[in-house]
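S.K.: Quick one: sequence and predicted model below, then my questions.
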Amino acid sequence: MNGAEILIDGLIREKVDTIFGYPGGVVIPIFDILYKTDKIKFLLTRHEQGAVHAADGYARATGKVGVSIVTSGPGATNAITGIATAKLDSIPIVVISGQVPSGNIGTDAFQETDMVGLTRTICKHNFLVQSVKELPNIINEAFHIARSGRPGPVTIDIPVDISMANLKDYKYPEKITLPGYKPVEKANPKQIKKLANAIKSSKKPLLYTGGGIVISQAHDELVKLAEKTNIPIVTTLMGLGSVSFDHPLFLGMPGMHGTIPANYAISECDLLIAIGARFDDRITGPRHSFVTQAKVAHIDIDPAEISKNINADIPIVGDAKDALLKLNESVIPREKNSWNDKVEKWLEKYKLHYNQPTDGEILPQYVIDRINEVADEELIVATDVGQHQMWTAQFYHHQKPRKLITSGGLGTMGFGLPAAMGAAYGSPDKTVVTISGDGSIQMNIQELATCAINRIPVKIIVLNNSFLGMVRQWQDMFWDKNYSGTCLKQTPDCSPQCSGPNENCTEIYYPDFVKVAEANGVTGFRVNKPSEVDKVLKKGFETNGPVLMEFIVKEEENVFPMVPAGKKNNEIIMEDIR
Amino acid sequence: MKEKHTIIITVANKVGILARITGLLAQRGYNIESAIGAPTELSDIYKISLVINETDHHIEQVTKQLNKLIDTIKVVDISHKNNYIVREYIILKVKSNLKTRSGLFELIEIFKAKPLDVAQAHLIVELTGHVRKIDRFIELLKPFGIEEYVRSGEFAMTEYNGIK
Ligand SMILES: Cc1cc2nc3c(=O)[nH]c(=O)nc-3n(C[C@H](O)[C@H](O)[C@H](O)COP(=O)(O)OP(=O)(O)OC[C@H]3O[C@@H](n4cnc5c(N)ncnc54)[C@H](O)[C@@H]3O)c2cc1C
Ligand SMILES: Cc1ncc(C[n+]2csc(CCOP(=O)(O)OP(=O)(O)O)c2C)c(N)n1
């Protein structure tokens, strides 16, 4: 068998059923074998970044490893943003890139880039295949590394001569020998006992959980712990859905655009139990002043996360599910106390809200809130990055894990559409919607054609506020309203020192999203009035195939609450004071 | 407080492993004072000795991050351990003339250094020993006029058992 055949055979053995990719000279041998197999579906995206995000969205929605194949040089560099996006959110993908012939490596050959060098700091591990003999082990190891422990992207760079080289006694390896790689999965019972005791003596405990709960599928165990001990829960953006939005112990998302109860609870708890969450600076603010009043317990599968940002008094290395199962056994029930009363009062008092007038401009929050009406609990929601992402976090009714697909760590604009496409391709039985902004959607808009031609029925919501809204919000609040480089309607006739919409603004904007949709074979709708929102959402969700719904929303709406960068969790700007 | 730490990393002997390690340290913002890597008695095992000037807290982070690399088998910070033999090697070129030569040779004698090249105007010597000894040797040779030197950086071995 030659290298390409070995690769495809290996992928099939790793239960890969779908590949997202884009061809080029040095991967033709691999594509040739793909052509001959009926065990793997191949989706040709319109850009390598789209391919990697699609593999990522597929992985997030299904829990399986997403796979992408790209060519060398520009194909490989186009894949970079996708790989980094997966790395920051701990998503298991394997990206296979072609490479120039082994003998030409290092000569600045046509379409040569040092993929291993380029990806070193943005993947969990990477391989350059140096001989066809190594290939079976490398494939096996790549999948094992991607999906085990703390998941992450793995890249395999395959020189074209190796794809074509023959190996006589090919056998797919049965076991993995990686002497340096042994993720700790079992939580230490002694530490669990310590945590159980800490819970017993705590007056104001709080659960702070994140993406690790989703990854380890520990959501049921988490809710069980919370209910047994009456401990309120906050979940990060990456953990949304692990507890249903309407659970009485759920306080929402903490952090910069988190809820007031969640942030107050962080500021006042005396025991913070972090599980599968990594104390990101969107949550902690300045680290030296974060939870100085509380003891911190930290459960994480990655030892390097523990005490990285915030010192852990009770460090527990291990899989969240294993730790929670053990903790649920050893913890004693806790009665509700005055802490619970306080938290409930916050919940009562500080509800997320918006004020949609029946006439006039559509508020973006309203559109997202109305999606709740057409959604069922199986709906998969992918977002782009910006204000619309935060409003989705706040106003969408997250009910189940693996339903929210969002780029949290890298915050990659252009992620939403291809990720939704990958999710939809991997879960044909589920409805997938992507919520995007007029800025973000343009960053991988070419994938509309991929959706249309492949009949991938993604529902695309564009909240068009004519701005790169999230950045404009910062300029609005902290930079004297100097709207520099954030207005998408700015023309050469505009004053370069613009501070927002005024009588000289043009009505014209580009592109016409409905036309773009239609030109790509996607059904397009535009909505200008609040009264039409429900109707169009319903129509859009009922229409077969991909649909783009553009909502012209209020231009200068800001996301609140907001903990400004560098501030403590209780220093919250609650609402717009303009 | 920043302090010099000597870290011994045992890794799988894979292509680009040195780049992986130094790249990781650079990415995380740590400066490497010295790094040496060389094969060991086992063909698939490679050992790297690093010296990093950092606080204990950062060193803990460094060791965790190094441990996280897939090819890393073991990481030990030997700075506070006394069951290690630590050595460094130096080759040094110093100015010399008729007047200073005997003084130089006295020092060489005391330090048990070895002259490698004796010429009219300079002298090349080598010396192996603990870092402190090397530092002292350099200090004492300074007045003679050091032209150049290369140091190996530290490397170490446990006295018994230890790293495998
Ligand atoms: C514009 C913008 C604004 C944002 N604002 C906010 C905000 O207000 N609030 C907010 O929360 N986020 C916000 N984010 C997201 C934020 O940047 C981080 O991505 C997010 O907070 C990280 O979530 P996490 O801590 O759950 O970690 P993740 O990145 O999800 O990491 C998962 C953690 O779990 C661990 N883990 C993995 N597997 C397991 C396992 N099996 N068992 C145990 N542990 C495991 C991993 O080692 C890791 O430490 C924002 C992002 C953007 C783009
Ligand atoms: C690739 C990329 N470039 C730039 C940014 C910085 N950025 C964050 S949010 C944002 C604006 C997003 O605008 P839009 O998609 O219209 O969403 P809105 O905030 O208006 O809802 C920008 C430019 C980013 N996150 N990603």
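M.R.: Noted; the coordinates are in hand. Ligands and ions are numbered 1, 2, ... in the order given.
S.K.: So chain B: which segments form each domain?
M.R.: Split into domains by automatic domain parsing, chain B comes to B:3-77, B:85-156.
S.K.: For residue A:11, grab the count of nearby residues.
M.R.: 25 (other Cβ atoms under 10 Å in any protein chain shown). (Glycine included, C-beta is placed from N, CA and C.)
S.K.: ok, the closest residue to residue A:37 other than its chain neighbours - contacts?
M.R.: Counting by Cβ to Cβ, 6 or more residues apart in numbering or on different chains, residue A:8 is the residue found nearest to residue A:37 once chain neighbours are left out, at 5.8 Å. Contacts of residue A:8 were listed using Cβ atoms under 8 Å, 6 or more residues apart in numbering or on different chains, and they are A:30, A:33, A:34, A:37, A:40.
S.K.: Would you confirm that the first one contacts residue A:97?
M.R.: Pointing back at residue A:30 there. No. Using Cβ atoms under 8 Å, residue A:30 is not in contact with residue A:97; the gap is 10.4 Å.
S.K.: between these two, who's got more neighbours?
M.R.: Per other Cβ under 10 Å, whichever of residue A:30 and residue A:97 has more neighbours is residue A:97, with 31 against 27.
S.K.: By average pLDDT, which secondary structure element in chain B comes out worst?
M.R.: strand B:155-158 (a mean of 88; mean pLDDT, DSSP states H and E).
S.K.: Convert the C-alpha atoms of it to CSV, please.
M.R.: In CSV, the C-alpha atoms belonging to strand B:155-158 read as follows (Å, rounded to 0.1, in the frame of the first residue of the first chain):
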residue,chain,number,x,y,z
PHE,B,155,24.7,19.4,32.6
ALA,B,156,24.1,17.0,35.4
MET,B,157,23.6,13.4,36.5
THR,B,158,22.1,11.9,39.6
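S.K.: partners of that strand in the sheet?
M.R.: strand B:84-95 (antiparallel) (DSSP bridges).
S.K.: Now do the partner strand: distance to the chain's middle.
M.R.: 8 Å (Cα atoms, centre = their mean, to the nearest Å).
S.K.: same thing with stretch A:546-553?
M.R.: 22 Å.
S.K.: Over to stretch B:106-123?
M.R.: 21 Å.
S.K.: So what's the residue count around residue A:289?
M.R.: Residue A:289 has 13 neighbouring residues, counting by other Cβ under 10 Å.
S.K.: Who are the contact partners of residue A:539?
M.R.: By Cβ under 8 Å, 6+ apart, the neighbours of residue A:539 are residue A:525.
S.K.: Tell me how far it lies from chain B.
M.R.: 49 Å (Cβ to the nearest Cβ, to the nearest Å).
S.K.: Need the three-state assignment for that residue.
M.R.: Applying DSSP: H, G, I helix; E, B strand; the rest coil to residue A:539 yields a three-state assignment of helix.
S.K.: And it, what's its pLDDT?
M.R.: In this model, residue A:539 is scored at 98, pLDDT.
S.K.: and if you look at residue A:486?
M.R.: Per-residue pLDDT puts residue A:486 at 97.
S.K.: surely it meets residue A:470?
M.R.: No. Contact between residue A:486 and residue A:470 fails when scored by Cβ under 8 Å: they sit 9.0 Å apart.
S.K.: okay, and for the chain, where does confidence drop off?
M.R.: Picking chain A for this. Filtered on pLDDT under 70, chain A yields the residue ranges A:577-578.
S.K.: oops, chain B please
M.R.: Low-confidence segments of chain B (pLDDT under 70): B:161-164.
S.K.: how about the residues of it near chain A?
M.R.: B:11-12, B:15-16, B:19-20, B:23-24, B:27, B:60-61, B:64-65, B:67-74 (Cβ under 8 Å from any Cβ of the partner chain).
S.K.: Narrow those residues to those in helices?
M.R.: Among those, DSSP state H puts B:19, B:20, B:23, B:24, B:27, B:60, B:61, B:64, B:65, B:67, B:68 in helices.
S.K.: Would you mind listing the residues in contact with the fourth one?
M.R.: Residue B:24 makes contact with A:121, B:65, B:66, B:69 under the criterion Cβ under 8 Å, 6+ apart.
S.K.: Quick check: it vs residue A:494, distance?
M.R.: 46 Å (Cβ to Cβ, to the nearest Å).
S.K.: can you check residue B:104 too?
M.R.: 77 Å.
S.K.: cool, and residue A:344?
M.R.: The value you get for residue A:344 to residue A:494, if Cβ to Cβ is used, is 50 Å.
S.K.: Likewise for residue B:19?
M.R.: Counting by Cβ to Cβ, the gap from residue B:19 to residue A:494 is 48 Å.
S.K.: can you check residue A:514 too?
M.R.: Where residue A:494 is concerned, residue A:514 sits at a distance of 25 Å (Cβ to Cβ).
S.K.: Most widely separated two among the contacts of residue B:24?
M.R.: A:121 and B:66 (13.9 Å; Cβ to Cβ).
S.K.: neighbour count winner among those two?
M.R.: Legend: neighbour count by other Cβ under 10 Å for residue A:121 and residue B:66, higher for residue B:66 (23 against 14).
S.K.: ok so, going back, out of the domains of chain B, deepest packed?
M.R.: domain B:3-77 (a mean of 17; mean count of other Cβ atoms under 10 Å in any protein chain shown).
S.K.: Endpoint to endpoint, it covers what distance?
M.R.: Terminal residues of domain B:3-77 lie 12 Å apart, using Cα to Cα, to the nearest Å.
S.K.: is any part of it close to ligand 1?
M.R.: No. Using Cβ under 6 Å from any ligand atom, domain B:3-77 never reaches ligand 1; the gap is at least 10.2 Å.
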